[in-house]
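# Next one to model:
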Amino acid sequence: NLVNYTWAIAGQLKLADFPEGLQFATVSTLLADLGNTCIYPALVSGGGLHVIPYEVGTDSAAMAEYQSKYPVDVLKIVPSHLRALLQSPDRANVLPRKYLITGGEALTTSVVAEIEACGVGCALINHYGPTETTVGSLTQPLSALGHTPKLTIPIGRPIANTQVYVLDALLQVVPEGVTGELYLSGAGVSAGYVGQPKLTAERFVANPFVDGATMYRTGDLARYVPGSGGAIAFLGRADDQVKVRGFRIELGEIEAAMLKLPGVRQVVVLAREENGDSDKQLVGYAVATAGDVVTAEHLREQLRHVLPDYMVPTKLILLEKLPLTPNGKIDRKTLPDANAVS
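Below is the predicted model of the structure:
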């Protein structure tokens, strides 16, 4: 599985065109698979591998200084991690010289706009794949789109020897533009979860389109982008749909509305239990754009003009920055308790 993935990425980056080898950098913990996008292609192509220390990879000035001494050609990074690094006058120097690969979280148009504003010439590639299918399964070079979409950046098409399906509840392929669940099959699919036969049977199912093959049920919602020839757009987690006060709500829809508000840079919305009982309330967390002064009540008032009342977070907490995991993903577990914030 790893060999297939490594050579697929090496081919997409055209590493054979660089006999001297490219300089790759990983800024995530080596305990997870996120950095494998840079680790193994670097090693099989004779390139250099920079294992960036946590203290450098989470400090934009330090990261820019590092790259001034040791220029990096290829960087794989989570969008929220990258956005934190772009909060600096040296933000252009944080970016690699040739390829910027994003993964681990949905890539938003606002992040793409910030990257483009830096005026650098690196190619941007959106990358998608659960650990269960070996690092990655789909990629989308933004240059292939011809323009930046207004709403969603596609996660693209499958890598070599991988099959991707968007299916309904009956495992039938949905039409273009219709939401379904994303299933992955082919060379990347792992054997299952060690010591968890019930969970393995739930997530790793028979492929009805290929005899003897297995599909991994991702739990992610997606759709085929109309007129794209098979490109896929990620729409969020199926379990991000929650029920609050009797209403079924998509948390991603609220986050998208908040990101459109003036002065808002990053957001997270959670449905959290209130006062220790089963009743849930929507809690929003927001980071303001540098130099902007916003208040929680003002943001909530703006949301009331674009969302139904039941979708407006009961509490909205302003933070200087969102907490990140060692992988660079937003760490939802360490966001402050809404009841503990005044």
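# Point to the helix or strand of the protein where mean pLDDT is at its lowest.
Among the helices and strands of the chain, strand 241-244 carries the lowest confidence by mean pLDDT, DSSP states H and E, at a mean of 70.
# just checking, what packs against the helix or strand just after it?
Next in sequence after strand 241-244, counting helices and strands by DSSP states H and E, comes strand 247-250. Strand 247-250 is packed against strand 241-244, with contacts defined by 3 or more C-beta pairs under 8 Å, 6 or more residues apart in numbering; DSSP states H and E. For glycine as for every other residue, the C-beta is placed from the backbone atoms N, C-alpha and C.
# Now with 10 Å, please.
strand 232-237, strand 241-244, strand 264-273 (3 or more C-beta pairs under 10 Å, 6 or more residues apart in numbering; DSSP states H and E).
# Dump the ones you listed to CSV, plus distance to V72 and mean neighbour count.
Formatted as CSV, the helices and strands packed on strand 247-250 follow (distance: least, C-beta to C-beta, whole Å; neighbours: other C-beta atoms under 10 Å):
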stretch, distance to V72, mean neighbour count
strand 232-237, 27, 21
strand 241-244, 39, 14
strand 264-273, 24, 19
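# so what's the backbone phi/psi at the closest residue to S45 other than its chain neighbours?
In space, and not counting its chain neighbours, S45 is closest to L15: 4.2 Å by C-beta to C-beta, 6 or more residues apart in numbering. Main-chain torsions, L15, degrees, to the nearest 10: phi -60, psi -20.
# Tell me which helix or strand E114 sits in.
Going by DSSP H and E, E114 is part of helix 109-117.
# rewinding a little: mind telling me which of the helices and strands packed on strand 247-250 the model trusts least?
Ranked by mean pLDDT, the helices and strands packed on strand 247-250 bottom out at strand 241-244, with a mean of 70.
# what residue lies at the spatial centre of the protein?
E105 (1.4 Å; C-alpha atoms, centre = their mean).
# Next, it: secondary structure please.
coil (DSSP: H, G, I helix; E, B strand; the rest coil).
# can you check A32 too?
coil.
# can you check F24 too?
strand.
# separation between it and K76?
8 Å (C-beta to C-beta, to the nearest Å).
# Kindly report the same for E250.
28 Å.
# go on, Q196?
28 Å.
# Over to I249?
In terms of C-beta to C-beta, I249 sits 32 Å off from K76.
# Neighbour count: these two, which is higher?
A direct count of neighbours by other C-beta atoms under 10 Å for I249 and K76 places K76 higher, at 29 against 21.
# Could you pull up phi and psi at the more buried one?
Dihedral angles for K76 - degrees, to the nearest 10 - are phi -110, psi 130.
# residues touching it, list them.
By C-beta atoms under 10 Å, 6 or more residues apart in numbering, the contact set of K76 is 9, 24-28, 34-39, 41, 96, 99-104, 125, 127, 135-136, 328.
# Now, those that are in strands?
The strands, defined by DSSP state E, take in F24, A25, T26, Y99, L100, I101, T102, I125, H127 from the contacts of K76.
# Of those, which is the nearest to T289?
T102 (20.1 Å; C-beta to C-beta).
# so who does the closest one touch?
Taking C-beta under 10 Å, 6+ apart, we find T102 in contact with 75-82, 108, 111-112, 115, 124-128, 140, 142, 153.
# From N161, how far out is it?
23 Å.
# now do G328
Counting by C-beta to C-beta, the gap from G328 to N161 is 28 Å.
# next one: G236
From G236 over to N161 the distance is 27 Å, taken as C-beta to C-beta.
# Tell me where the stretch 151-300 of the chain is predicted with low confidence.
Applying pLDDT under 70 to the stretch 151-300 of the chain flags residues 151, 240-241, 243, 245-246, 274-279.
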